[in-house]
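Undergrad: What follows is a predicted structure for the sequence shown.
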Amino acid sequence: MDNAKCECGHVNPHGTVFCEACGKALYNKEEKLLDMRYEGKKRRSEKYNRTIIDKIWNFFSSVKVGVTLIVLALIASAIGTILPQEGNINIQSDPGEYYRETYGWFGELYYLLGFHNLYGSWWYMLLIAFIGVSLVVCSLDRAVPLYKALKNQKISRTVIFLNRQRFYNKTAIEKINEQDIEKIKERLQQRKYRISEENGNILAEKGRFSRWGPYVNHIGLIIFLIGVMLRFIPGFYVNEFLWIKEDETAAVPGTSQEYYIKNHRFIIDVYDETDGEVYKKALEEKGAIVKNYQTNVTLYKADKKLPGEKPELKKVGDYEIKVNHPLKFDRFALYQSSYELNQFSKMTFALTDKKTGESLGNITIDLDDPRETYEVKDDYTVEIVRYFPDFEMADGEPRTKSMNPVNPAFVFKMITPDKPEGEISFTAIQQTVEPFGENEYKMEFQSLETVSASGITVRKDLSLPIIALGGIIFLAGLVQGSFWFHRRIWLKPEEDYLHIAGHTNKNWYGFQREIEKIVHGTNIPMPDDQAKK
Amino acid sequence: MRKKRRLAIRTVILSVLVLSIASVLFLNGKTDERETAAVGQEAPDFVLQDLRGNEYRLSDYRGKGVFLNFWGTWCEPCKTEMPYMEKQYRKYKDQGVEILAVNVGETDLAIEKFAKQYQLSFPIVVDKSGEVQKAYGIYPLPATFLIDPEGKIVDYIEQPMTEEMIGDFMERIKPE
Amino acid sequence: MTQASSHLLFCSFLLYLIAVFFYGGAIRQKKGLEESPYKNGASFSSKAGIIITIVGFFCQLGYFITRWIAAGHVPVSNMFEFIAFFSMMIVLAYIILYFLYRTVVLGLFTMPVVIIMIAYGSMFSRDITPLIPALQSYWLPLHVMTTAAGQGILAISFIAGMMYLIKTIDQKQRSWKRFLLELIMYLIVVVIGFVISTAGFRATEYEVAFTWTDQDGNESTAVYTLPAITGPNEWEMVTGNRMEPLFEAPPFIDARKLNTVIWSFIIGTVLYLLIRLVFRKRLGQMFQPYVQRINSDLLDEISYRSVLIGFPVFTLGGLIFGMIWAQVAWTRFWAWDPKEVWALITWLFYAAFLHLRLSRGWHGEKSAWLAVTGFGIIMFNLVFVNLIIAGLHSYA
C-alpha cells in the first residue's frame, strides 16, 4: 500500500489527498471542496508508522499534541502566579512553614505540590522541552512536502481541480474577448500578482513567501530555546551577588579575581521641589519618591593570582553604576541591585570620671578592625578585653551571633592612675554593666559613624546573542506569515467555458473583495464562494 | 532505501533532542551539589597571611597531608573542635600532617584573643577578602577539607567533629 | 499644560460618545452596509461617525502630547496613563480596520468599549508622578506603547468576536453559550459599576481611615474612599462616625482594593438588574438587532485579521522589548514576575488560537469565543494581576 493509483491512471505517493495529475480527491470523495492544506500532500509522518521511532515522531508531529502542550504550559504557568514564587520573595525561615503561616492550608498544599518553585521544576521544564520537540518535528514534517508542492506547481490545472476550489465560477467562452483577458492581467500585475501562462491557462500568484512564515518563526523559537538551554552549561551564565561597603575594594565574584571594584560612595536621591511643580501633588500624596540609586566605583584589573593573594591592581576606570545603566566590561555586567544604609563602622567613646563627669578624652574604635589598647592620654589607657560585633546573651553568657558589626558590645578595661590594675566595664548599645562592683570611671558613648553598602549583581550571559537572534527570527517569521497572504487565481479556457478559481490561505473575505476589483467591468464572472451553503 | 534513510534521520534528530533535554534536566537537578572543591578534585591553591604577616601557600605543603579547617570565633562547634585539633596536631605534626586553620575574616583582635584562650599552636590564617572561602564553596561553619600529600581533596566534612574523628582523618591523609 | 491635557482627554471622551450616536444612525440606513464596494457608498451618518472618531483620536493624541510635555516623560507610567493610551490605541486600530473593511457597525461597538475604558482609567490617581529609577529608561515608552498598541489591535478582535457571538447565538434557546455571553455583558456592566461607585463617592469626598496589622505584625494605615464593607486585618477606625466594616479581610489581601471590587459588583448588579427590568431583555438580545445586517464572515475575518496584526505587535512590545528592558533594569530578561507570566500566558493563548484556526479549522463561532477569551486574559492581566497579585510591575 505504498502508492495510490487514481482513476485517471496516475500513480500518487501513498498518503496524497488528491491526485497530483488530475486533482480528483483520493480520500473523502464525498466532500465537495478539496483539502488544500499542504497542497494536498500528506504530511510525511502519516506515511510510515512502523517502528517506535516513527511512533514517537508521529506523536510530536501532530498539531493536536502541540496545541495540547501549549494549553498545558499555559495552565501550569497560571497556577504559578496564584501565590508568589519562592524565588521572588524574601523568606527568612523555612519556606514550607512560610507558605503555611502566610496562606493557610492552601499555602501548605501549594508548597507540598511543589508549586512554590513551579517554573524551575523538572516537569515544567519538560513541558517546555516537549513544545520544543513538537516545534522541530512539526516543522520538518510539513515544510518539506509543502516546499516540494509549491515549487513544482502546475500552471494548467484540470477542471476537476478548479471546480472543487472554494472560489469558483465559469462562463461561456464566447462572451470573453481578448481585452477582458488583457485587462485582468493588467489589474493582476498592478496588484503585484506574478502571472504565468501555459496554452492560455493563467496562474496568478502572490505572497507565496508568506507560506514560509510559520516555519521561519518556528526556527526562531527553536534557536531561542537552544539559547535558553545553553545557560545551563557551566560558565555560560554567571549570576553572582556582591555586598560592598563604601571605601571597600573587593574582587568581582565570578571573574576568578580578575576584576576588582572599589565602592567610593553609594548615592540615593529623592525627588523634591526643584524637580518641578508638576510632581508636587504626587509627592505630597506618596511621600518620598526615589529619583536615583547609584554607586560610584573604580574598576580594576588584576594580574592572575591565587585566591587570598594581595592583588596588583591596574585601574580600568571610574564609573557610575545606576539602575538601568549597568557597568559593562568584558562580557560582564554589574548592576545596582540593592543597598543598605547606616551600617556601623566606627564608634567613639569618652573615658569619663563618673563623679565629676569630666571627660578624659575620646577613643574611636574601628568596628571592623579594633585595636587591643587605646591610649586616651598619659597614664590613661583603655584595653578591649572582649569584642562582640553582633552581641547577644545566650545561657547567661555574652557572645556574638556573627562577625558583622550589627550590635557591637565591648568589655573594656580602663586603666587610670588611681586604678592601675584596671576597672572592667561591659558596654553595649544603651547598656552598661559593671560586673565587679561600682566603677569610678565609665566609657561614655559619644558618636557613631556609619557607611552604606551597595548590593551589586554580577552577570555574564553568553547565551544572550543566541536568544536575541532567535527572537528576531521568530518575529520576522511571524510578520512574514501574518501580514501577507498567499493568494492564487486560476483562469482556464476550455472548449465551451472559461473557468475561474481562487485560493488563499487566509482572509477569504478580503480576497473576494480583491477579485471583485480585478474582474469588475469585464465579462469574466465573479467566483462564487462554494463554502457558503 | 529511502525509508531506511528517513528512519535514520528521524532517529538522529530525536536522539539529539532527547540528549539535550536530558542534559538540561540533569544540570538543573544537580545545582545543589558542590561545583568547586569537590572530593577527588585537586584542592584549589591559595596564599593567605597569618596575623604576623607570614605567608602560607597551600602548594608548599605538597608531600604532607593538610587538614584544612575553616572557622569563626562565634561558631560554637568550632570552639569545641579547636582543642581536639590542637591535641591531634601535636601528635601528627611529626608524621607529616599539618593543620591550616582559615579564619573567615574576623578582626585581628577577636582571632588573637581566641588563639590565646585556646592556646593554639597551629598556623591560623585569615581570609579577609573571602576569596578562599569562595574557591572552596564554604557556606556553613565549621567546614573541613582533608587534603592528601598529592594535593587532592580526600574528604569534605561539614559537621562538628569529635576528637576521635579528627584522629581518623589525620590517619587518612598521613604520607606513607 | 496639565489642565489643557485633561480638557483634551475629556473632549475626546465626548466626541467618542457623539460618534456612537452617528454609528447608531448609520446602521439604520441600508446605504453603506452592503458588502460590495461597487454597490453603494458610505451614508452621511457613517461618514460623520468616522470623522468625529478621527477628530476624537486627534484630541486624545493632543492629551498625550501635552501631558508628555508637562510631565517631562512619556505618560505611560501609571494605571491612568496606561489605560488612556491603551484606549487611544483601540481607536487607532479601529480607524485602520475601518479603512481596510469600511464597516461602521464595528465602530458602534468599539466606541462604547473605548468610553468605558477611559472612564475606568480616570478612576485611578491622575497625578503626574515622577519616575522611579527602574522606569527611567527609553525602554519604558518603547515597551509600554508597543504592548498597548498590540493589545489595542487585539481588543478589536474581541469586539468583532463579541459582535459575531451576539449575532449568531440563539437568544430564544437556553444554552451555556447564551449564559456565557450574558455573563461577559454583565462583567462589562460591573466595570461601569466601578466607575459609578468610585466617581460617586469621590464627588461626596467620602473618606475613612483605619489602622491595621499586616501578616508580619506591622501596623499601618489604610485610607478608603468608599464606605468599608470589608475592613483590613485587625482594623481600628481612625476617623470617627463612619460605617463600620461588615467583615474583616485576611491579612494577605489588600482589603481596600477588595472593598472597591465588592462595591463595583454591588452597583454593577443593581445597574444590570435595572436594565433587565426596564427593557425586559437580556443584554445580548438588546444588541442583536444592531448586528443583524452585517456579514458574519466579515466579522470573523476582522476578528482573525486583528489577531494576525496584533499578535506580532504584542510579541514585539510585550515580550521582546520587555525582555530587553528587564535584562537592563532587573539584571535578567525573565524574572517570572506575575505580570510577565501572564503576558506569556496571553502569548501562548494566541499561539494556540492561531494553530487551532490554521490547522484544525476553528472558524466562526469557535474562533470568536477564542478571541473573546484572549482579550479576557489581557484584561485579567491589566486589572487583577496589577491590583491583586502585584509584583515588580505594580503601578497603580
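TA: Great, that's in hand. Numbers count the residues shown, from 1 in each chain, chains lettered A, B, ... in the order given.
Undergrad: for the closest residue to A:Glu246 other than its chain neighbours, helix, strand, or coil?
TA: Nearest residue to A:Glu246 in three dimensions, chain neighbours excluded: A:Val451, at 4.3 Å (Cβ to Cβ, 6 or more residues apart in numbering or on different chains). Using the backbone N, CA and C atoms, a C-beta is placed for each residue, glycine as well. A:Val451 falls in the strand class when you classify it by DSSP: H, G, I helix; E, B strand; the rest coil.
Undergrad: any idea how far A:Val451 lies from C:Met323?
TA: Going from A:Val451 to C:Met323 by Cβ to Cβ, to the nearest Å gives 36 Å.
Undergrad: Can you name the residues of the stretch 251-400 of chain A sitting close to chain C?
TA: A:271, A:275-276, A:278-279, A:281-283, A:285-286, A:289-293, A:322-324, A:326, A:333, A:335, A:337 (Cβ under 8 Å from any Cβ of the partner chain).
Undergrad: repeat that with 6 Å
TA: Proximity of the stretch 251-400 of chain A to chain C, by Cβ under 6 Å from any Cβ of the partner chain, involves residues A:Tyr271, A:Val278, A:Tyr279, A:Lys281, A:Ala282, A:Ile289, A:Val290, A:Asn292, A:Tyr293, A:Val323, A:Asn324, A:Tyr335.
Undergrad: my guess is A:Pro307 contacts B:Gly130, does it?
TA: No: in this structure A:Pro307 lies outside contact range of B:Gly130 using Cβ atoms under 6 Å: 9.2 Å.
Undergrad: Which one of these two is surrounded by more residues?
TA: With neighbours defined as other Cβ atoms under 10 Å in any protein chain shown, A:Pro307 and B:Gly130 compare such that A:Pro307 has more, 22 against 17.
Undergrad: Can you read off the pLDDT for that one?
TA: pLDDT for A:Pro307: 82.
Undergrad: Doesn't it lie inside a helix?
TA: No: secondary structure assignment places A:Pro307 outside any helix; it is coil (three-state DSSP).
Undergrad: Pull up the gap between the closest residue to A:Arg231 other than its chain neighbours and C:Val341, please.
TA: Counting by Cβ to Cβ, 6+ apart, the nearest residue to A:Arg231 once its immediate chain neighbours are dropped is A:Tyr237, at 4.2 Å. To C:Val341, A:Tyr237 is 21 Å away according to Cβ to Cβ.
Undergrad: what comes into contact with stretch A:516-529?
TA: Here stretch A:516-529 makes contact (Cβ atoms under 6 Å, 6 or more residues apart in numbering or on different chains) with A:Phe167, A:Tyr168, A:Asn169, A:Thr171, A:Lys175, A:Ile176, A:Asp180, A:Lys183, A:Ile184, A:Arg187, A:Ile500, A:Gly502.
Undergrad: So which of the residues you listed reach chain C?
TA: Counting by Cβ under 6 Å from any Cβ, no member of the contacts of stretch A:516-529 is near chain C.
Undergrad: Spell out which residues of chain B are next to chain A.
TA: By Cβ under 6 Å from any Cβ, the residues of chain B that approach chain A are B:10-11, B:17, B:21, B:24-25, B:27, B:45-48, B:74, B:106-107, B:109-110, B:127, B:131-132, B:135.
Undergrad: among the residues you listed, which are in helices?
TA: Using DSSP state H, the members of those that fall within helices are B:Arg10, B:Thr11, B:Leu17, B:Ile21, B:Val24, B:Leu25, B:Leu27, B:Leu109, B:Ala110, B:Glu131, B:Val132, B:Ala135.
Undergrad: of these, the lowest pLDDT goes to which?
TA: Within these, lowest confidence goes to B:Leu27 (80).
Undergrad: ok, it touching A:Pro234?
TA: No: between B:Leu27 and A:Pro234 there is no contact under Cβ under 6 Å: 7.7 Å.
Undergrad: okay, those two: which has more neighbours?
TA: Taking other Cβ under 10 Å, B:Leu27 and A:Pro234 do not tie; B:Leu27 has more neighbours (14 against 8).
Undergrad: A strand includes A:Ile244, no?
TA: Yes: per three-state DSSP, A:Ile244 lies within a strand segment.
Undergrad: So A:Tyr237 and C:Val341 - more neighbours on which side?
TA: Neighbour count, other Cβ under 10 Å: between A:Tyr237 and C:Val341, C:Val341 has more, with 23 against 17.
Undergrad: Going by neighbour count, which residues in the helix or strand where the more buried one lies are buried?
TA: Taking DSSP states H and E as the criterion, C:Val341 maps to helix C:338-360. By neighbour count on 16 or more other Cβ atoms under 10 Å in any protein chain shown, the buried set for helix C:338-360 is C:338-357, C:359.
Undergrad: For chain C, just list every one of the strands.
TA: Along chain C, counting by DSSP state E, strands occupy C:208-213, C:219-224, C:230-231, C:236-237, C:247-248.
Undergrad: what about those, which gets the closest to A:Leu230?
TA: Of all the strands of chain C, it is strand C:219-224 that lies closest to A:Leu230, at 45.4 Å by Cβ to Cβ.
Undergrad: Report the rounded mean pLDDT for the closest one.
TA: What strand C:219-224 shows for mean pLDDT is 84.
Undergrad: That one pairs with which strands, parallel or anti?
TA: strand C:208-213 (antiparallel) (DSSP bridges).
Undergrad: mean confidence score for the strand it pairs with?
TA: On average, strand C:208-213 scores 86.
Undergrad: go on, stretch B:81-98?
TA: For stretch B:81-98, mean pLDDT rounds to 84.
Undergrad: chain center to that stretch: distance?
TA: 18 Å (Cα atoms, centre = their mean, to the nearest Å).
Undergrad: Output it as CSV, nothing but the C-alphas.
TA: Output in CSV follows, covering the C-alpha atoms of stretch B:81-98 (Å, rounded to 0.1, in the frame of the first residue of the first chain):
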residue,chain,number,x,y,z
GLU,B,81,36.7,21.3,68.0
MET,B,82,39.7,23.6,68.4
PRO,B,83,41.2,21.9,71.5
TYR,B,84,40.8,18.5,69.8
MET,B,85,42.5,19.8,66.8
GLU,B,86,45.3,21.2,68.9
LYS,B,87,45.9,17.8,70.5
GLN,B,88,45.9,15.9,67.3
TYR,B,89,48.1,18.5,65.7
ARG,B,90,50.8,17.9,68.3
LYS,B,91,50.6,14.1,67.7
TYR,B,92,50.6,14.1,63.9
LYS,B,93,52.8,17.1,63.3
ASP,B,94,56.0,14.9,63.1
GLN,B,95,54.2,12.4,61.0
GLY,B,96,53.8,14.8,58.1
VAL,B,97,50.2,16.1,58.7
GLU,B,98,49.7,19.8,59.0
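Undergrad: Could you report the separation of the residue of the stretch 151-300 of chain A found nearest chain C from A:Asp275?
TA: As assessed by Cβ to the nearest Cβ, chain C sits closest to A:Ala282 within the stretch 151-300 of chain A, at 4.1 Å. Distance of A:Ala282 to A:Asp275, given as Cβ to Cβ: 11 Å.
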